[in-house]
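**Student:** Make a model of this:
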Amino acid sequence: MKKLLFVIFIIANTNTFAYNILDAFKALPEHFTPTLNAILKSELINSYINGNDSIENAYFGISKITLLDTENELIKIQTSKVGQIELKIFTPTPNDTIIAYINTVCTSNCTSIIQFFNTKWEKFAIKTLTSKDFFGNTPTQEFLLFESWDMPQFIEYTFTNKNTIKAKFNTLQLLDHEQQKQIEAFVKKSLTLNLKQQESNPQNYILKIR
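**Tutor:** Purely as a prediction, here's the structure:
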């Protein structure tokens with residue numbers, strides 16, 4: 001009964017929104033999901049609706065939907081043992097539909113790329129975070145010290161159900177105990193971001209730290 005209600009909700013949602021999260025997932029270009037071609041994506045959705053959240057993917061591994069939130073236009077998919085993708089639709093204005101895409105890879109540490117597209121999968125040039133953003137706007141001795149360690153950048157992004165984006169500064173996990181003690185009072189472990197129109201040019205969008 002619960003699954004039937006879920007299917008009805010998806011159908012109702014499809015009729016309400018001109019472009020919904022399942023449309024975005026089905027239209028996602030295949031190079032973004034090498035383990036899932038168009039047929040497997042449809043199979044995964046149908047399996048989820050029928051009560052089975054996982055399927056065998058193109059590389060004989062398991063892919064599964066870990067979250068499908070049609071109310072907040074959000075889907076999260078474990079594409080492999082180490083990979084996850086997330087899609088979310090943002091509608092910052094009545095005339096704009098932005099599809100946000102996150103690809104996260106977790107081995108010994110998790111790191112992500114985040115990108116933004118229109119419904120034609122044309123990319124928006126939106127600046128993403130760097131390590132410096134977690135130290136604040138003003139360069140400090142602590143940030144300069146961190147830079148001198150020449151650490152790789154590990155930032156993990158994820159979408160929330162509040163139309164925000166959470167960014168975790170996972171580079172901290174690569175530091176030894178003494179290094180962490182030297183900067184821990186001056187660095188934020190995570191940031192919350194909003195997708196906003198740029199004040200100087202409303203045609204462009206930025207990620208704004210809350």
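
**Student:** Run a quick check on Leu74 versus Ile99, I expect a contact.
**Tutor:** No - applying C-beta atoms under 8 Å as the test, Leu74 and Ile99 come out as separate, 11.3 Å apart. Yep, even glycine has a C-beta here, placed from its N, CA and C like the rest.

**Student:** Between these two, which is the more surrounded one?
**Tutor:** Taking other C-beta atoms under 10 Å, Leu74 and Ile99 do not tie; Ile99 has more neighbours (24 against 19).

**Student:** give me the low-pLDDT residue ranges for this structure?
**Tutor:** 1-18, 139 (pLDDT under 70).

**Student:** Break down it into its strands, ranges please.
**Tutor:** 54-56, 62-69, 74-78, 83-93, 96-106, 110-117, 155-159, 165-169, 190-198, 201-209 (DSSP state E).

**Student:** quick one on the thing from earlier: joint contacts of Leu74 and Ile99?
**Tutor:** 87-89 (C-beta atoms under 8 Å, 6 or more residues apart in numbering).

**Student:** what's the distance between Ile21 and Phe169?
**Tutor:** 28 Å (C-beta to C-beta, to the nearest Å).

**Student:** just so I know, which of the strands of the chain lies nearest Phe146?
**Tutor:** Nearest to Phe146 among these is strand 165-169; the distance by C-beta to C-beta comes to 10.5 Å.

**Student:** Give the pairing partners of the closest one; include direction for each.
**Tutor:** strand 155-159 (antiparallel), strand 190-198 (antiparallel) (DSSP bridges).

**Student:** can you redo these as CSV with distance to Thr93 and mean neighbour count?
**Tutor:** Shown next, in CSV, are those (distance: least, C-beta to C-beta, whole Å; neighbours: other C-beta atoms under 10 Å):
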stretch, distance to Thr93, mean neighbour count
strand 155-159, 19, 22
strand 190-198, 7, 15
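
**Student:** so can I have CSV of those showing distance to Lys208?
**Tutor:** Shown next, in CSV, are the strands paired with strand 165-169 (distance: least, C-beta to C-beta, whole Å):
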stretch, distance to Lys208
strand 155-159, 15
strand 190-198, 5
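
**Student:** dump the residue contacts of the residue lying closest to Thr91 once chain neighbours are set aside.
**Tutor:** Leaving aside its sequence neighbours, Thr91 sits nearest to Thr97 (C-beta to C-beta, 6 or more residues apart in numbering; 5.7 Å). By C-beta under 8 Å, 6+ apart, Thr97 lies in contact with 18-19, 89-91, 118-119.
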